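Asks: this one's sequence-less:
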Ligand SMILES: [Zn+2]
Ligand SMILES: [Zn+2]
């Protein structure tokens, strides 16, 4: 199971290693706020190492280095925030902005694909609705200790990859999510605005 979570962005995909905060200490064995931003890969996103789709003063969106689905992007805040468990009720707006930013980036890529198809076919077909999924991995099941929202356009590459982004339905109305290592966007917002912490167990 450890290899499944060895990377959230393809650190072991065979490409040149990035300076990574996980190189010495396994994910989850380190205090979440002990990261040195100078050494954090996501505090140092540059166009030569990341395929950046969109950026503004607050957020950056880039392609995942090891896509788990047809389209796989990451949205990160420029400010170093360790992970989804570091967020509180006041961060719901940040999560909503990350989601809106990821949606904008996916829309942008989709329109580029459509216009390319139109150019090749001579006639642009209407965009087919695709399923999208947005969310966070929950410690210890994540590798890069800098908050990143996965933005996926399905289908998944394979069932093992799909497992990593499984959304668990709440076991009863008093919960917002079931047992899973992935906190889907709506589940995360519901938990944060209710003043609750995002956990792997039902919460
Ligand atoms: Zn991740
Ligand atoms: Zn960072």
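Replies: Here it is on my side, so go on. Being a predicted model, the structure only gives us computed values, none of them experimental. Ligands and ions are numbered 1, 2, ... in the order given.
Asks: Is ligand 1 within reach of the helix or strand bottoming out on mean pLDDT in the chain?
Replies: With mean pLDDT, DSSP states H and E as the measure, the helix or strand of the chain carrying the lowest mean pLDDT is helix 92-121 (a mean of 91). No - figure legend: helix 92-121 not in contact with ligand 1 (Cβ under 5 Å from the ion); closest approach 12.9 Å. Bear in mind the C-beta positions are built from the backbone N, C-alpha and C, glycine included.
Asks: Show me where the protein has its strands.
Replies: 52-55, 59-63, 69-77, 132-137, 149-156, 182-184 (DSSP state E).
Asks: And those: which comes nearest ligand 1?
Replies: For ligand 1, the closest of those is strand 132-137, at 3.9 Å, according to Cβ to the ion.
Asks: contacts for the closest one?
Replies: 5, 8, 69, 83-84, 99, 102-103, 106, 142, 147-154, 164-165, 167, 181-185, 187-188, 198 (Cβ atoms under 8 Å, 6 or more residues apart in numbering).
Asks: Now with 7 Å, please.
Replies: Contacts with strand 132-137, where a contact means Cβ atoms under 7 Å, 6 or more residues apart in numbering, come from 8, 84, 99, 102, 106, 149-154, 165, 181-185, 188.
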